[in-house]
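Asker: Mind folding the following:
(2 chains)
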Amino acid sequence: MKKFLLLLHEDIEKMNELSPKEMGELANAHMAWATKLAESGHLISGEGLHEKGVLITGKECVIKDGPYLESKELIGGYYLLQANDLDTIVQFAKECPCHLWGGTTEIRAIMEMDQYEQ
Amino acid sequence: MSNNRHSAIEFYYRALYGKLFSALINQFGTNHVNEIEDAIQNTFLKSLKTWNADKIPDNKENWLFIVARNDVLNQIRKKGKASPASNLTETEENGTAENDLRLETILFLSSSKKNSDRAKVMFILKNIFGLNVREISESTLLSQEAIYKSINRAKASFRLEFENKPISVITKKTGKHEIVTVEEILYAVFNIGFDSFNNKIQSIVNEDLCLEAFAIAKELFKKYQQDSTKNLLALFCFHIGRIPAKIDKGKLVSLFKQDQAKWDKKLMSLGFSYLHKPEKLNRFYIESLIASKYMTANSYDTEHWNEIIKLYELLTKFHHSPIVKLNLCYGLHQANRREEALILLADIEKELPNGHFYYSLVKAELLKVSTPKQSETIMASVMDTMEQTIRKEYLLENGLITL
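Answerer: You can find the predicted model right below:
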């Protein structure tokens, strides 16, 4: 099976405007979706990420504290998934609750050396 | 199996918001309403990141409470305000979200002398019933800006009025006046839920808001055993019992045309069990009598309408509202007492803003036979100013207007 990294980009502005009811529905949708991934055997791991972080750039190691709101989107979490093909992951990602409020999902296949030998 | 698992971890953040807010304001007081609001918002956003069902703490409500409380403490420390550390130990024992302090908090907010009832309702809708400004605007037809301003003003005057007074001390002094205010506020919240036109999702009733007002009214009755609260409960039952018949295939159905088989019989009989004549008459008793008459009438004939008229006449003595008078007016019209209706209508006009929706509808109905042209003009202007599709459809389909 191949491995994929699924990144969840969230629209921070929209998230901050959600009402308690909408947030509750979103929280429940996320849990239901994660449960579905786990039960189908595609989930390896997955976590939410804090908004705050540190950026270290260049040889000088310039340190910058986040959040980095140059864009209104921020990576809010990731999933490490496994499947036989990309299409299976695309189908799952389409249902990701992150899309309900203007978010974007990004799928990146994990590079495996044996793929180059074929 | 996954269904069970899902429902077991499902949480209703809207109701939880009110519980958390109440617990936190009881601990931190009215000085820190802004910090409390931000803390709950932050906490909910954080909880969105705990996707993994296995990682959810056993008692999620309590966990959310602790996260929110620490958030408030951090904000206060950052702003360099006095540390309320003395309150901390006390909270561990009794300040958790499990201990539902919503009724106490409503009682406390109701005792304010500096805020109007309307301002209290807005504040309570947001912080106890967990609606955001956008949702309040959608259910009340007030602009978001007006609601936002009203809530901010209320916040400031609560802070001034109750500064450094522990909430528990104030609620212990609860008297009849505060209970009556709470009843009025719960009824207002209920009505907002009952008439919650939402164009976006095409819904007419915000049922969970109604049920929550009902649940808190039950608590109020349990605690203070007032006749008026019992009457309010009867009224809630009759209204909630009709919700299943209020909408049919996405269309609004008037009370007189509803499929009575769809009325919830259990709630109706519960309503009758609450319907006891109080020692001192009050508006809720009379209103629940009216509702029960509508729900038990065999036909809406003149005799029925004359009974309704008597009750509305009585109600005007207990509740001075032009809307009650309009209902009376409509009853008189239905009982073929048109002249009386027209005299009363002229009287009401002075009490309402120009082009009032319900007033215009009743007036158009009254003038339909005598001066049909005038009636049509009124209806046309109602349609022009009407923004809600679902109400427009209702008017069109019921022949109240022809385009």
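
Asker: for the chain, which spans come out with low pLDDT?
Answerer: Looking at chain A here, since you left the chain open. Counting by pLDDT under 70, chain A has low-confidence residues at A:68-71, A:115-118.

Asker: ah, I was thinking of chain B
Answerer: Within chain B, the ranges that satisfy pLDDT under 70 run B:1-11, B:51-56, B:81-98, B:141, B:196-204, B:386-403.

Asker: And the residue of it that's closest to chain A?
Answerer: Using CB to the nearest CB, the closest approach of chain B to chain A is made by residue B:49 at 2.4 Å. C-beta here means a position set from N, CA and C on the backbone, and glycine is covered the same way.

Asker: Around the nearest residue to that residue once chain neighbours are set aside, how many other residues sit close by?
Answerer: Once flanking residues are discounted, residue B:49 sits nearest to residue A:48: 2.4 Å by CB to CB, 6 or more residues apart in numbering or on different chains. Residue A:48 has 19 neighbouring residues, counting by other CB atoms under 10 Å in any protein chain shown.

Asker: Hmm, residue B:131 and residue B:147 touching each other?
Answerer: No. Look at residue B:147 against residue B:131 with CB atoms under 8 Å: they stay out of range, at 9.7 Å.

Asker: which residues touch whichever residue of chain A sits closest to chain B?
Answerer: Going by CB to the nearest CB, chain B is nearest to residue A:48 of chain A, at 2.4 Å. Neighbouring residues of residue A:48 by CB atoms under 8 Å, 6 or more residues apart in numbering or on different chains: A:76-77, B:48-51.

Asker: now those in TSV, with secondary structure?
Answerer: As requested, the contacts of residue A:48 are exported to TSV (DSSP: H, G, I helix; E, B strand; the rest coil):
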residue	secondary structure
A:76	strand
A:77	strand
B:48	coil
B:49	coil
B:50	coil
B:51	coil
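
Asker: Residue B:147 and residue B:131: who's more crowded?
Answerer: It is residue B:131, of residue B:147 and residue B:131, that has more neighbours when counted by other CB under 10 Å, with 30 against 22.

Asker: I'd like the distance between the more buried one and residue B:220.
Answerer: According to CB to CB, to the nearest Å, residue B:131 and residue B:220 sit 20 Å apart.

Asker: re earlier: let me know the closest of the contacts of residue A:48 to residue B:291.
Answerer: residue B:48 (41.5 Å; CB to CB).

Asker: Quick one: neighbours of the closest one, just the number.
Answerer: Residues contacting residue B:48 under the criterion other CB under 10 Å number 23.

Asker: Isn't it up against residue A:28?
Answerer: No. Using CB under 8 Å, residue B:48 is not in contact with residue A:28; the gap is 10.1 Å.

Asker: Return the distance of residue B:245 relative to residue B:334.
Answerer: 20 Å.

Asker: Compare neighbour counts for these two and give me the winner.
Answerer: Between residue B:245 and residue B:334, residue B:334 has the larger neighbour count (other CB under 10 Å), namely 20 against 17.

Asker: quick one, what contacts the more buried one?
Answerer: B:300, B:302, B:305.

Asker: Among those residues, which one has the most neighbours?
Answerer: Neighbour counts for the contacts of residue B:334 peak at residue B:305, which has 20 neighbours (criterion: other CB under 10 Å).

Asker: residues touching that residue, list them.
Answerer: For residue B:305, the contacting residues are B:331, B:334-335, by CB under 8 Å, 6+ apart.

Asker: So which bits of the helix ranked longest in chain A are buried?
Answerer: In chain A, assigned by DSSP state H, the helix with the most residues is helix A:20-39. Neighbour-count burial for helix A:20-39 flags A:20-35, A:37-38 (criterion: 16 or more other CB atoms under 10 Å in any protein chain shown).

Asker: could you pick out which of the residues you listed are near chain B?
Answerer: A:20-21, A:23-24, A:26-28, A:30-35 (CB under 8 Å from any CB of the partner chain).

Asker: Need the residues you listed in TSV (columns: distance to residue B:155).
Answerer: Shown next, in TSV, are those (distance: CB to CB, whole Å):
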residue	distance to residue B:155
A:20	18
A:21	22
A:23	22
A:24	24
A:26	27
A:27	27
A:28	30
A:30	32
A:31	34
A:32	36
A:33	37
A:34	38
A:35	40
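
Asker: which residues sit against stretch B:168-188?
Answerer: B:26, B:103-104, B:106-108, B:110-111, B:117, B:120-121, B:124, B:162, B:213, B:216-217, B:220, B:224, B:226, B:228-229, B:232, B:235, B:284.

Asker: Show me just the buried residues among the residues you listed.
Answerer: Using 16+ other CB under 10 Å, the buried ones in the contacts of stretch B:168-188 are B:26, B:103-104, B:106-108, B:110-111, B:120-121, B:124, B:162, B:213, B:216-217, B:220, B:224, B:226, B:228-229, B:232, B:235, B:284.

Asker: Among those, which are located in helices?
Answerer: Using DSSP H, the buried ones among the contacts of stretch B:168-188 in helices are B:26, B:103-104, B:106-108, B:110, B:120-121, B:124, B:162, B:213, B:216-217, B:220, B:224, B:228-229, B:232, B:235, B:284.

Asker: Sort out for me which of the contacts of residue B:305 are in helices.
Answerer: B:331, B:334.

Asker: Spatially nearest residue to residue 72 (excluding sequence neighbours)?
Answerer: All of this is about chain A. In space, residue A:72 is closest to residue A:13, 5.2 Å off (CB to CB, 6+ apart).

Asker: looking at chain B here, not the other one
Answerer: Going by CB to CB, 6+ apart, residue B:72 has residue B:39 as its nearest residue, at 4.5 Å.

Asker: ok, now which ones touch the one you found?
Answerer: B:24, B:68-69, B:71-72, B:75.

Asker: if you set the cut-off to 6 Å instead, what comes out?
Answerer: If you count contacts by CB atoms under 6 Å, 6 or more residues apart in numbering or on different chains, residue B:39 has them with B:68, B:71-72.

Asker: Check which residues of the host helix or strand of residue B:347 are buried.
Answerer: Per DSSP states H and E, residue B:347 falls inside helix B:338-349. Within helix B:338-349, the residues scored as buried using 16+ other CB under 10 Å are B:341-342, B:344-345, B:348.

Asker: cool, and stretch B:252-267?
Answerer: Quick answer for stretch B:252-267 (16+ other CB under 10 Å): B:252-253, B:258, B:263-264, B:267.

Asker: Chain A contacts on the stretch 101-250 of chain B?
Answerer: B:130, B:132, B:135 (CB under 6 Å from any CB of the partner chain).

Asker: What is the neighbour count of the closest residue to residue B:281 other than its chain neighbours?
Answerer: Computed as CB to CB, 6+ apart, the closest residue to residue B:281 that is not its neighbour in sequence is residue B:318, at 6.4 Å. Residue B:318 has 15 neighbouring residues, counting by other CB under 10 Å.

Asker: which residue ranges form the strands in chain A?
Answerer: Using DSSP state E, the strands found in chain A span residues A:2-11, A:43-48, A:54-57, A:62-65, A:73-83, A:104-109.

Asker: Identify the bridge partners of residue A:5.
Answerer: In this entry, residue A:5 is beta-bridged to residue A:80, residue A:108, by DSSP bridges.

Asker: Burial check on it, number of neighbours?
Answerer: Neighbour count for residue A:5, taken as other CB under 10 Å: 15.

Asker: That one and residue A:107 touch, don't they?
Answerer: No. Using CB atoms under 6 Å, residue A:5 is not in contact with residue A:107, being 7.4 Å away.

Asker: Residue 109: what's it in contact with?
Answerer: In the absence of a named chain, chain A is used. For residue A:109, the contact set (CB under 6 Å, 6+ apart) comprises residue A:4.

Asker: let's do chain B instead
Answerer: Here residue B:109 is in contact with residue B:120 (criterion: CB under 6 Å, 6+ apart).

Asker: how near is the closest residue in space to residue A:19 that isn't next to it in sequence to residue B:144?
Answerer: Among residues not flanking residue A:19 along the chain, residue B:132 sits closest, at 3.8 Å (CB to CB, 6+ apart). Computed as CB to CB, the residue B:132 to residue B:144 distance reads 10 Å.
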